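> 3D, please:
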Amino acid sequence: MVRFLAAIGAFVLGALAAIGRVAIFAFDTISHLARPPWYPREFGVQLLQIGWNSLPVVGLTTIFTGGALALQIFAGGARFSAEAVVPQIVAIGMVRELGPVLVGLMIAARVTSSVAAEIATMKVTEQIDALVTLSTNPMKYLTLPRVLAATVVMPVLVAVGDTIGIMGGFLVGVNRLGFNASTYLTNTIDFLEWVDIVSSLSKGAVFGFIAALMGCYFGMRSQRGAAGVGAATKGAVVAASVLILGANFILTEMFFAG
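Next up, the predicted model:
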């Protein structure tokens, strides 16, 4: 029993220590916003890499999800003679929940892994040590532009994903389920409220911050060698995905209560 309790205690202490390290890392990253020098060119590069280069995977993911959602809602609604609610449920499902979460998980898979592998490789090859030697703060040059770019561009990606997902449901509803095009769009627009859009974009900003932060955090803490780079990449993606899902519940609860 003593060993069992000791194991639980060690796990809890380890989890709290990890949370503390991440919180300190996040605070340190944010604090660099107020202190020069800044690197706008690096920030612009990250905007393109995180935002523009992620559009194809975001578009493909959301359009197929929107179409599948329309089919599932129609099939379920048919059991209660409620097929007409497809446009409304697709809209609110994509905007409030599926759009932000799917885009966040895609960014975790694509961007978090890339950032973690890049920074971990730089650490293994001693490029980060070279930055320090050149009096360049790695947190300011590597972490801040990536975290800031992901936080800024993610709401845009979520907005694009929401729109494409709704259009996926529209295409399936009109061409496969027999809905009138103008009626479908009218029901979609009339049903959405500003709080739905605000909650979706807010989730996008938080998810982008988490995804980039985890990539930088695990990359900076990577162990030496190829195995260290692989472990950092895997840990970053897992942590980002879990934190995104946890943050999604918390934000959903906040907007639900509001």
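> Determine the set of other helices and strands touching the helix or strand where Thr29 lies.
In the assignment (DSSP states H and E), Thr29 maps to helix 2-31. Where contact means 3 or more Cβ pairs under 8 Å, 6 or more residues apart in numbering; DSSP states H and E, helix 2-31 is packed against helix 194-220. Glycine gets a C-beta too; all of them are placed from N, C-alpha and C.
> Could you list the buried residues of the helix it packs on?
By neighbour count with 16 or more other Cβ atoms under 10 Å, helix 194-220 contains the buried residues 196, 199-220.
> got the angle for it vs helix 2-31?
Computed with axes from the mean of the first three to the mean of the last three Cα atoms, to 10 degrees, the direction of helix 194-220 lies at 110 degrees from that of helix 2-31.
> Show me what helix 194-220 is packed against.
Here helix 194-220 is seen to pack against helix 2-31, helix 99-107, helix 113-124, helix 144-175, helix 226-257 when contacts are counted using 3+ Cβ pairs under 8 Å, 6+ apart.
> repeat that for 6 Å
The contact analysis (3 or more Cβ pairs under 6 Å, 6 or more residues apart in numbering; DSSP states H and E) places helix 194-220 against helix 99-107, helix 113-124, helix 144-175, helix 226-257.
> so how far is that helix from its chain's centroid?
5 Å (Cα atoms, centre = their mean, to the nearest Å).
> Can you pull out the low-pLDDT segments for the stretch 151-258 of the chain?
The model of the stretch 151-258 of the chain has pLDDT under 70 over residues 257-258.
> Now do the closest residue in space to Ser200 that isn't next to it in sequence against Ser199, distance only.
Leaving aside its sequence neighbours, Ser200 sits nearest to Val95 (Cβ to Cβ, 6 or more residues apart in numbering; 4.9 Å). Counting by Cβ to Cβ, to the nearest Å, the gap between Val95 and Ser199 amounts to 8 Å.
> Include distance to Pro36 and mean neighbour count when you put the helices and strands packed on helix 194-220 into JSON lines, please.
Listed next are those as JSON lines, based on distance: least, Cβ to Cβ, whole Å; neighbours: other Cβ atoms under 10 Å:
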{"stretch": "helix 99-107", "distance to Pro36": "29", "mean neighbour count": "25"}
{"stretch": "helix 113-124", "distance to Pro36": "22", "mean neighbour count": "22"}
{"stretch": "helix 144-175", "distance to Pro36": "12", "mean neighbour count": "23"}
{"stretch": "helix 226-257", "distance to Pro36": "28", "mean neighbour count": "17"}
